[in-house]
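In: A structural model of the following input is requested.
(2 chains)
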Amino acid sequence: MSWFESQKLGEMAPGTKVIIYSLLWFWAFVVVFPLYWVVITSFKLPVHVSDGPDFLPFIDYQPSLHAWKYIFIDLGSDTFRPYLNSVIIASISTVFAMIFGSMAAYALARLHFQPRLISIVLFLIALGLAAYAAISFGVDWRLALALGIAVFFFLVRALQRVPSPRLGNGDILFWVISQRILPPIVAALPIYIMFQQLHILDTHFAIILTYITVNLPIVVWLMYDFFVSIPRDIEESAGLDGASKIRIFFEMALPLAKPGLAATSLLVLILSWNEYLLALFLSTAKAQTIPLLVAAQNATRGPQWWYMSVLIIIMIVPVVLLTILLQRLISKGLLLGAVKG
Amino acid sequence: MTVVLDGISKSFGNTPVLHGLDINVEEGEFMVLLGASGSGKSTALRMIAGLESTTAGKVFIDGRDVTEVLPKNRNVAMVFQSYALYPHKTVAENIGYPLKVRKLPKADIEEQVRDVAGQVQLLELLERYPRQLSGGQRQRVALARAMVRRPAVFLMDEPLSNLDAKLRGHMRTELKRMQHNLGITTIYVTHDQVEAMTLADRVAILEGGKLMQLAPPKDIYNDPANLFVAQFIGSPPMNLLEGSLAPGLFTCSDVAIPVNNSARVAQATLGVRPEDCSVVAPDAGQMNATIYATELLGDHTLVTATVGDSIVTVKAAKDYEAALDTPIGIAIESAALYLFDRTGERLR
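Out: Next up is the predicted model:
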């Protein structure tokens, strides 16, 4: 018997079975118990929480709808507005991150890019100069940016014949994912200042734009693997049948990467839905999202566990429903029968 | 439509895979590119399709220079070794896809799909998905998809190699009949010499990215241009003896065989096909040998014998029987001898 051979539970020795089942039950408990605790806490009065720990409704304490009433009726629009904000921001940013990200991933998977290293260096120099001019000499940032772009194009043309090593798709891909290596807090302040200058702080647009940007690397990285695994023959065949590149992308690559699309969009949606740090920087009232509201329940009066629990529950529910819905799509075997047999 | 390859070359990085290939495919011809793996035959086909760029040379289809034309604008249809069916589309959608891309009206598409599906016996399966089909059925879907839009040229990249032996033989016949009926110029890539010999009007044999011989199957077999072709075609392969050639006489170790050639070559190779040899009594043939093994193959017996250091295979009658190590003579039809020089070129 090998360690790496999978075995059916039913065929195991009784002793092994007991150990495996107890481990599984233990882990299920670890995972499910906090959820249970949140649910029962949402039906507690503050006094039950401070007297606590009480775990059994109707036995340890009398459940109350006090917290639910407060969140849905007393707070009312102050609950629904962030909730709606979250729905709008998470869904729109996910849709656009998926569109741009999968297109970029497809291009990286199927086309050969050979950017010259020198062009990239020149771009960074021009960008640095523009930033320096804007910050140190108070040049209008729009002017500085325009000048920087102009300088970049001028230099690229002027140095066209200078020999330079070329980068490949792998380098681009690594650069894309390296954007995720950066801790978000590093970028949060510059993004804040940038949007402040543009006067779009506390708008849906600003947060959506930010979320698209931070989620793009994940989409590109994950979708790249899905696109690469599609047999080239299928796309070449479609090309010979008369389809254009863009048509092949939409009619062949995307449908065949459906499991990947479902899994990736779910992940990105959850990341946007739960995102706290950037939303904290970029919104004050109008564009506030639901994670901020949850955090706000720990204010001057101390943590309001009962309100927080209600908010957490209504925050989790749509994600759980969506996961169940998309699970059928995230199944394998879609490529079966395409090539060979 | 004609297809002309005019000195096409291809290198992947620093690795050359095709060296100035010249091939003229005539209108309605069935041309087979035959070669071992790595011979560049698939690359040549993909260059005709436009799936690979050319490093040098030009490709003409129907007189038009298509070297820089995108695959979708070349009006060629290709059957891939893997079939490359669209797994998320039904059989009908697969076959109709080239027409859908060309924006034909729905009713026309449906009619033409049914028409083609009828020709390859797929009418019952139109609503199925590729994953629900057998290998042979998938193969027919790929064929139907290529046929449906009546392309200028059919390109086929080892289309039968994923089928089992019996089905392969059947599909080979069907393919030949279909090509004859449609009269569409076909370029077919294979490593299987039986497919090449049975299907082709002309065979182009490729090795190491070079054209070895381009001729009808009969000539390829009976009149090989060089040692490579002579060895490559024929099963079991041609017997080869290394020796030297004096005018009218080939000698190797202890064998001297009179030949119809007046050249004098220090290092020469003599070739003779197993079916042109026969087993005779010792000293009655041109050479003496010892039986190494006999194999009954049904319609004939293959006798492998040692002649000096060399091995000679003889196709004998099916009822031939002899003990191993029996000394025998081997008679050769003198008209069926092939001579090659040191570089493998034919000596005539």
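
In: just checking, B:Ser262 touches B:Gly248?
Out: Yes: if you go by CB atoms under 8 Å, B:Ser262 and B:Gly248 touch, sitting 6.5 Å apart. In short, each C-beta sits where N, CA and C put it, glycine included.

In: Which one's more surrounded, these two?
Out: Applying other CB atoms under 10 Å in any protein chain shown to B:Ser262 and B:Gly248 shows that B:Gly248 carries more neighbours, namely 12 against 9.

In: For residue 198, which non-adjacent residue is closest in space?
Out: No chain specified, so I'll use chain A. Closest residue to A:Leu198 apart from its sequence neighbours, by CB to CB, 6 or more residues apart in numbering or on different chains: A:Ala206 at 8.0 Å.

In: wrong one, I was asking about chain B
Out: Per CB to CB, 6+ apart, closest to B:Thr198 is B:Arg172, 6.0 Å.

In: Quickly note the distance from that neighbour to B:His191.
Out: Separation of B:Arg172 from B:His191 (CB to CB, to the nearest Å) stands at 14 Å.

In: Which strand or helix spans the residue most central in space within chain A?
Out: The centre of chain A sits closest to A:Val268, judged by CA atoms, centre = their mean, with a distance of 2.9 Å. Per DSSP states H and E, A:Val268 falls inside helix A:258-274.

In: Go ahead and confirm the residue nearest to the centre of chain A touches A:Leu216.
Out: No: using CB under 8 Å, A:Val268 is not in contact with A:Leu216; the gap is 9.2 Å.

In: Follow the chain on from the helix or strand of chain A with the lowest mean pLDDT and name the next helix or strand.
Out: When each helix and strand of chain A is scored by mean pLDDT, DSSP states H and E, helix A:46-51 comes last, with a mean of 79. Following helix A:46-51 in sequence order, the next helix or strand is helix A:66-69 (DSSP H and E).

In: now the helix or strand that that next one is followed by: mean pLDDT?
Out: Past helix A:66-69, further along toward the C-terminus, the next helix or strand under DSSP H and E is helix A:77-110. Across helix A:77-110, the average pLDDT comes to 94.

In: what's the neighbour count on the closest residue to chain B within the stretch 1-150 of chain A?
Out: Nearest to chain B, among the residues of the stretch 1-150 of chain A, is A:His112, at 11.3 Å (CB to the nearest CB). By the criterion of other CB under 10 Å, A:His112 has 8 neighbours.

In: May I have the residues that are in contact with the closest residue to it other than its chain neighbours?
Out: Nearest non-adjacent residue to A:His112, counting by CB to CB, 6+ apart: A:Asn169, 6.6 Å away. Applying CB atoms under 8 Å, 6 or more residues apart in numbering or on different chains to A:Asn169 gives the contacts A:108, A:111-113.

In: What is the neighbour count of the closest residue to chain A within chain B?
Out: Closest contact between chain B and chain A, by CB to the nearest CB, is at B:Arg131 (3.0 Å). Burial measure for B:Arg131: 16 neighbouring residues, criterion other CB under 10 Å.

In: what do you get for B:Arg346?
Out: Applying other CB under 10 Å, we find 17 residues neighbouring B:Arg346.

In: what is in contact with A:Val268 and A:Leu216 at once?
Out: With CB under 8 Å, 6+ apart as the test, A:Val268 and A:Leu216 both reach A:Ala97.

In: these two touch, right, B:Gly96 and B:Val141?
Out: No: with contact defined as CB under 8 Å, B:Gly96 does not count as touching B:Val141 (11.2 Å).

In: Helix, strand or coil: sort out the residue nearest to A:Leu198 for me.
Out: helix (DSSP: H, G, I helix; E, B strand; the rest coil).

In: which residues does it contact?
Out: Contacts of A:Ala206 (CB under 8 Å, 6+ apart): A:195, A:198, A:200, A:282, A:287.

In: For those, give me JSON lines that also has pLDDT, distance to A:Ser42 and secondary structure.
Out: Converted to JSON lines, the contacts of A:Ala206 look like this (pLDDT from 0 to 100; distance: CB to CB, whole Å; DSSP: H, G, I helix; E, B strand; the rest coil):
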{"residue": "A:Phe195", "pLDDT": "90", "distance to A:Ser42": "35", "secondary structure": "helix"}
{"residue": "A:Leu198", "pLDDT": "84", "distance to A:Ser42": "40", "secondary structure": "coil"}
{"residue": "A:Ile200", "pLDDT": "89", "distance to A:Ser42": "36", "secondary structure": "coil"}
{"residue": "A:Leu282", "pLDDT": "91", "distance to A:Ser42": "29", "secondary structure": "helix"}
{"residue": "A:Ala287", "pLDDT": "88", "distance to A:Ser42": "26", "secondary structure": "coil"}
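
In: what's the most distant pair in these?
Out: Using CB to CB, the contacts of A:Ala206 reach their maximum pairwise distance at A:Leu198 and A:Ala287, which is 14.3 Å.

In: So those two - more neighbours on which side?
Out: The neighbour comparison of A:Leu198 against A:Ala287 (other CB under 10 Å) goes to A:Ala287, with 24 against 12.

In: Now do the contacts for the closest residue to the more buried one other than its chain neighbours.
Out: Leaving aside its sequence neighbours, A:Ala287 sits nearest to A:Asp202 (CB to CB, 6+ apart; 5.0 Å). A:Asp202 makes contact with A:282-287, according to CB under 8 Å, 6+ apart.

In: try 10 Å
Out: Residues counted as contacts of A:Asp202 (CB atoms under 10 Å, 6 or more residues apart in numbering or on different chains) are A:195, A:282-288.

In: How about B:Glu333?
Out: Contacts of B:Glu333 (CB under 10 Å, 6+ apart): B:272-273, B:275-278.

In: ditto for B:Val4
Out: Counted by CB under 10 Å, 6+ apart, B:Val4 has contacts B:22-26, B:48, B:58-63, B:65.

In: quick one: which of those residues has the most company?
Out: B:Ile48 (27 neighbours).
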